[in-house]
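1. Show me the folded form of this:
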Amino acid sequence: MKRSKLGINEIQLDKPLEWSIYGANGQLLLRQGTVVTSEDVISKVFQHDPFRNVERIIETTPQLFERKKAITTKESRNPFNEITRFATRYRNIIKDIEKNEPIVGKKVIRLAEDIQSLVEFDEDACLGAIHLYYDQTYTALQPIYKAILCELTASLQDFTLIERQSLLAAAITSNIGLIEIQDKLNNQATPLTGPQKQTIKNAPARAVEMLKDCHVEDIIWLKTLIENHERNDGSGYPWGLKSKYISKFAKILGLADTYVAMISKRAYRKASLAQTALQEVYQMASKEDEAIYVNFIRQLGAFPPGTLVRLNNGDIAAVTYRGFGNSIMSSAMSIGHIDGQFYASPIKRDTSLDEFKILKMFNPTTKPNLNPDRLWLYS
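-> Residues are numbered from 1 along each chain as shown. Coordinates of the predicted model:
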């Protein structure tokens with residue numbers, strides 16, 4: 001997306017922004033449609049040497065803004081409900097794949113389009129779902145979460161909308177080669193057997209064949225699918241390709257797959273903290289593709305939405321809006337205090353204030369049962 005330098009007079013108080021505004025290093029500062037009510041916020045924006053999207057809302061009358069707001073109010077759209085429906089649609093797609101239905105390609109692309117729409121609507125809630133929301137079985141949620149991460153990362157690359165949809169289609173179908181044994185593998189506490197290792201190695205090629213049987217011919221989709229377990233150092237499978245031979249699309253899907261797997265609990269290990277996972281993800285980068293890894297980490301933020309943190313005032317909080325360094329817009333919802341007291345309702349905190357500054361990630365012994373609708377004010 002093209003961007004241009006932001007002029008000092010282009011942010012007007014009490015009026016919706018006509019563009020999204022980004023800092024010099026690419027982090028999102030203010031979304032299009034945000035209403036700025038303080039000169040202090042404007043001052044902080046310009047500390048980041050800001051740029052804006054070239055594209056602006058064609059008509060900016062209050063009436064149009066109210067119409068747009070009415071269409072996309074939190075009462076009319078709930079990301080967590082949509083993700084639940086996406087998981088159901090995924091399970092139906094799996095049934096169609098097993099029957100070699102030729103409609104599979106269209107159904108997957110339609111789901112990819114809907115995931116793109118949801119990410120555009122509320123990126124932070126989508127990321128929050130990845131870190132908090134497990135209202136469906138893991139096997140149905142994992143492909144949706146990988147697709148969300150792929151869309152966020154690919155949106156910062158020079159890809160077309162159609163190319164991104166092919167990438168998301170690969171993410172959605174990335175587990176089909178293991179569909180019969182995936183639940184068993186996730187719950188298995190013992191080392192993999194020889195036959196299991198071979199089944200895993202054969203899974204990408206099997207997934208491609210299953211899709212071809214459903215008349216899928218999208219080259220980016222199929223190539224991404226068969227390469228997404230290759231790794232820059234040549235340690236991946238099925239062919240042991242090194243960095244320069246792996247497509248950018250496959251690298252993005254591989255990143256998403258690795259991250260979602262690391263932050264998810266398994267029978268044989270605990271879930272990793274998001275920051276630990278991001279550090280390990282960055283170590284996978286090569287010189288040819290460092291920008292992809294940087295964009296992946298940038299989109300999750302210093303403290304990804306849905307992660308639990310400890311605040312300066314002693315509160316334990318769930319991050320609800322990404323913090324990019326000293327982000328002017330970062331925020332979290334306090335759920336309780338370090339002394340063990342839980343609040344009756346989440347309390348919104350502005351983490352740019354010293355009192356509510358994020359000190360570190362918080363890893364509770366027992367993960368609290370949190371309602372994402374309340375954290376992101378969808379209820």
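2. Would you map the helices across the stretch 1-150 of the chain?
-> 39-46, 62-71, 79-98, 104-121, 123-132, 138-154 (DSSP state H, counting those that start in this stretch).
3. other SSEs contacting the fifth one?
-> Right, the one you point to is helix 123-132. helix 79-98, helix 138-154, strand 315-321, helix 372-375 (3 or more Cβ pairs under 8 Å, 6 or more residues apart in numbering; DSSP states H and E). (Each C-beta comes from the backbone N, C-alpha and C, glycine too.)
4. Show me the contact partners of the first one.
-> If you take Cβ atoms under 8 Å, 6 or more residues apart in numbering as the criterion, helix 79-98 is touched by 103-104, 107-108, 111, 114-115, 118, 121-122, 125-126, 129, 133, 135-137, 140-141, 143-144, 172-173, 176, 179, 210-211, 214, 372-373, 376, 378.
5. my guess is residue 157 meets residue 289, correct?
-> No. Residue 157 is beyond contact range of residue 289, at 10.3 Å (criterion: Cβ atoms under 8 Å).
6. which residues are common contacts for these two?
-> residue 248.
7. Could you check which of those two is surrounded by more residues?
-> For residue 157 and residue 289, the more surrounded residue by other Cβ atoms under 10 Å is residue 289, and the numbers stand at 18 against 15.
8. Could you check the pLDDT of that one?
-> For residue 289, the pLDDT comes out at 86.
9. Give the burial count for the closest residue to it other than its chain neighbours, as a bare number.
-> Nearest non-adjacent residue to residue 289, counting by Cβ to Cβ, 6 or more residues apart in numbering: residue 251, 5.5 Å away. Residue 251 has 26 neighbouring residues, counting by other Cβ under 10 Å.
10. And for residue 236, the neighbour number?
-> Residues lying near residue 236 (other Cβ under 10 Å) number 20.
11. Over to it. Which of the three states is it?
-> Under the three-state scheme (DSSP: H, G, I helix; E, B strand; the rest coil), residue 236 adopts coil.
12. Turn the buried ones among the contacts of helix 79-98 into a named ChimeraX selection, would you?
-> Of these, the buried ones go into a single ChimeraX selection, burial set by 16 or more other Cβ atoms under 10 Å:
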select :104,107,108,111,114,115,118,122,125,126,129,133,136,140,141,143,144,172,173,176,179,210,211,214,372,373,376,378
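13. surely residue 354 meets residue 312?
-> Yes. With contact defined as Cβ under 8 Å, residue 354 counts as touching residue 312 (6.5 Å).
14. Just want to know which of the two has more residues nearby.
-> Each of residue 354 and residue 312 has its neighbours counted (other Cβ under 10 Å); residue 312 has more, 14 against 8.
15. Enumerate every residue touching that one.
-> Counting by Cβ under 8 Å, 6+ apart, residue 312 makes contact with 354-359.
16. The residue nearest to it when sequence neighbours are not counted: neighbouring residues, count only.
-> Excluding the flanking residues, the one nearest residue 312 by Cβ to Cβ, 6+ apart is residue 357, at 4.3 Å. Residue 357 has 17 neighbouring residues, counting by other Cβ under 10 Å.
17. mind checking pLDDT for residue 357?
-> Reported pLDDT for residue 357: 90.
18. Could you measure from it over to residue 314?
-> For residue 357, the distance to residue 314 equals 12 Å [Cβ to Cβ, to the nearest Å].
19. go on, residue 46?
-> Counting by Cβ to Cβ - residue 46 and residue 314 are separated by 33 Å.
20. circling back to that earlier point, ranking the helices of the stretch 1-150 of the chain by mean pLDDT, which is last?
-> helix 62-71 (a mean of 39).
21. picking up where we left off before, as TSV, the helices of the stretch 1-150 of the chain with distance to residue 224 would be great.
-> Output for the helices of the stretch 1-150 of the chain, formatted as TSV (distance: least, Cβ to Cβ, whole Å):
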stretch	distance to residue 224
helix 39-46	37
helix 62-71	33
helix 79-98	17
helix 104-121	12
helix 123-132	20
helix 138-154	9
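22. just so I know, which of those helices lies nearest residue 366?
-> The stretch from the helices of the stretch 1-150 of the chain with the least distance to residue 366 (Cβ to Cβ) is helix 123-132; that distance is 14.5 Å.
23. relative to helix 104-121, how tilted is that closest one?
-> Counting by axes from the mean of the first three to the mean of the last three Cα atoms, to 10 degrees, helix 123-132 points 110 degrees away from the direction of helix 104-121.
24. mind listing the strands for this protein?
-> 3-5, 21-22, 28-30, 51-53, 308-311, 315-321, 331-337, 342-350, 358-361 (DSSP state E).
25. Deepest in the core, which of these is it.
-> strand 315-321 (a mean of 24; mean count of other Cβ atoms under 10 Å).
26. Low-confidence stretches in the stretch 151-300 of the chain?
-> 267 (pLDDT under 70).
27. quick one, helices of it?
-> Under DSSP H, counting those that start in this stretch, the stretch 151-300 of the chain gives helices at 161-172, 182-187, 194-213, 219-227, 248-262, 274-282, 290-300.
28. For the closest residue to residue 183 other than its chain neighbours, give me its contacts.
-> Leaving aside its sequence neighbours, residue 183 sits nearest to residue 139 (Cβ to Cβ, 6+ apart; 5.8 Å). For residue 139, the contact set (Cβ under 8 Å, 6+ apart) comprises 175, 179, 182-183, 186.
29. Fine by me, we can end here.
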